[in-house]
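Peer 1: Any chance you could fold what I've pasted below:
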Amino acid sequence: MSRPRSHTIAVALLALYCLISLLSELPNLAGGAAPVEGAPPFTLTVINFTLAILGLVAAYGAWRVQKWGVLLAIVVAALGILTALPAILFAPLPVQLFGGLGVVWSAAIIVLLLRPTPQPAVA
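Peer 2: Residues are numbered from 1 along each chain as shown. As a prediction, the model looks like this:
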């Protein structure tokens, strides 16, 4: 099973992103749906938590060089970009920076997964 280097890097970035997202969303998820000042909406917390779990499944599939894993990883990264946009638009400055970092991180995952695999040279 040959895995392109760009897929290896993308899987590592996706797994790390999902683990960070899981750890950051757990306190918000444990807090429940009660509105808390400075916390994101509970719906967004549930979506981010679900995307993090799906992202770990996608990272496993992409690591095993399965088409479904790569496709799911691209979808999870694209949805990660969409869920980071409210933070960029409406949150205070430090959270805006983290939202921007999330957008760049997710875009890098998509680009790395969509890079064509190099073909061996024919002699």
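
Peer 1: Tell me who's in contact with the residue positioned nearest the centre of the chain.
Peer 2: Residue closest to the mean C-alpha point of the chain, counted by Cα atoms, centre = their mean, is residue 77 at 4.4 Å. Neighbouring residues of residue 77 by Cβ atoms under 8 Å, 6 or more residues apart in numbering: 14, 55, 106-107, 109-110, 113. For glycine as for every other residue, the C-beta is placed from the backbone atoms N, C-alpha and C.

Peer 1: so which of those comes closest to residue 122?
Peer 2: Comparing the contacts of residue 77 against residue 122 with Cβ to Cβ places residue 113 closest, at 26.1 Å.

Peer 1: Check which helices and strands the single longest helix found in the chain sits against.
Peer 2: In the chain, with assignment by DSSP state H, the single longest helix is helix 5-31. When contacts are defined as 3 or more Cβ pairs under 8 Å, 6 or more residues apart in numbering; DSSP states H and E, helix 5-31 sits against helix 42-63, helix 67-90, helix 93-114.

Peer 1: Now with 6 Å, please.
Peer 2: Applying 3 or more Cβ pairs under 6 Å, 6 or more residues apart in numbering; DSSP states H and E, one finds that helix 5-31 makes contact with helix 42-63, helix 93-114.

Peer 1: Buried deepest among those helices, which one?
Peer 2: Scoring the helices and strands packed on helix 5-31 by mean neighbour count under mean count of other Cβ atoms under 10 Å gives helix 42-63 as the most buried, with a mean of 19.

Peer 1: from the chain's centre, how far out does that one sit?
Peer 2: Here helix 42-63 shows a centroid-to-chain-centroid distance of 7 Å under the convention Cα atoms, centre = their mean, to the nearest Å.

Peer 1: Could you grab the helix/strand/coil label for residue 65?
Peer 2: coil (DSSP: H, G, I helix; E, B strand; the rest coil).

Peer 1: next one: residue 37
Peer 2: Assigned by three-state DSSP, the conformation of residue 37 is coil.

Peer 1: pLDDT score for it?
Peer 2: Listed pLDDT for residue 37 reads 72.

Peer 1: so how far is residue 31 from it?
Peer 2: Note on residue 37: its distance to residue 31, by Cβ to Cβ, to the nearest Å, is 12 Å.

Peer 1: I appreciate the help and will end here.
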